[in-house]
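In: Below are the sequence and a predicted model for it; my questions follow.
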Amino acid sequence: MGRLGILLGIMVIALFLVTWFSRTSTARQKWLANLELPGSWTQDVPPDGGDPLFITFSGVLTKGSYELRRKDIAKQGTWRISQSSLILSDTGGDEFTYEIRFFEKGKIGLHGGDLDHQTFNKHTDNIVPLRRS
């Protein structure tokens, strides 16, 4: 009975781990699909009342390249998602990490660094609004 009990215990633990991994993987894929980061995003309300920030993400759901634009300033680099954080690596080698908060489809919040508690809305078409003077 000793060996059989140990074998049965190992099988129960293995079944539990496979089920847990499958469920967490499915939940993560659903979160990434709902987040749908690739596309163009506009800062909702700039904190200083200045020009809004525009971010364009290209690639797959978990990584790709990005371009940040504010007025005449543009930065480019690569992005990736690690757990619930967005990590931006610019072409100069600097890395910036932001916590992603998913509010609803097409609306996210970024928390950290220079984008502390900022919300962004996704463009649903390929037209990028230009600032008018």
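Out: Looks like it arrived, so ask away.
In: and residue 8, what element?
Out: Taking DSSP states H and E as the criterion, residue 8 maps to helix 2-35.
In: Sorry, slip of the keys, the one I care about is residue 120.
Out: strand 118-122.
In: cool, and residue 88?
Out: Using DSSP H and E, residue 88 sits in strand 85-90.
In: ok, residues contacting that strand?
Out: Outside strand 85-90, the residues within contact range by CB atoms under 8 Å, 6 or more residues apart in numbering are 37, 66, 68, 75-81, 95-100, 110. The way it works is simple: take the backbone N, C-alpha and C, and place the C-beta from them, glycine included.
In: Tell me the helix or strand right after that strand.
Out: strand 95-104.
In: Tell me the bridge partners for residue 110.
Out: Beta-bridge partners for residue 110, by DSSP bridges, are residue 100, residue 118.
In: I misspoke; the intended subject was residue 81.
Out: With DSSP bridges as the criterion, residue 81 is bridged to residue 86.
In: residues near it, how many?
Out: 18 (other CB atoms under 10 Å).
In: I'd like the distance between it and residue 100.
Out: Using CB to CB, to the nearest Å, residue 81 is found at 7 Å from residue 100.
In: repeat for residue 120
Out: Residue 120 is 10 Å from residue 100, where distance means CB to CB.
In: Who has more neighbours out of the two?
Out: Between residue 120 and residue 100, residue 120 has the larger neighbour count (other CB under 10 Å), namely 21 against 18.
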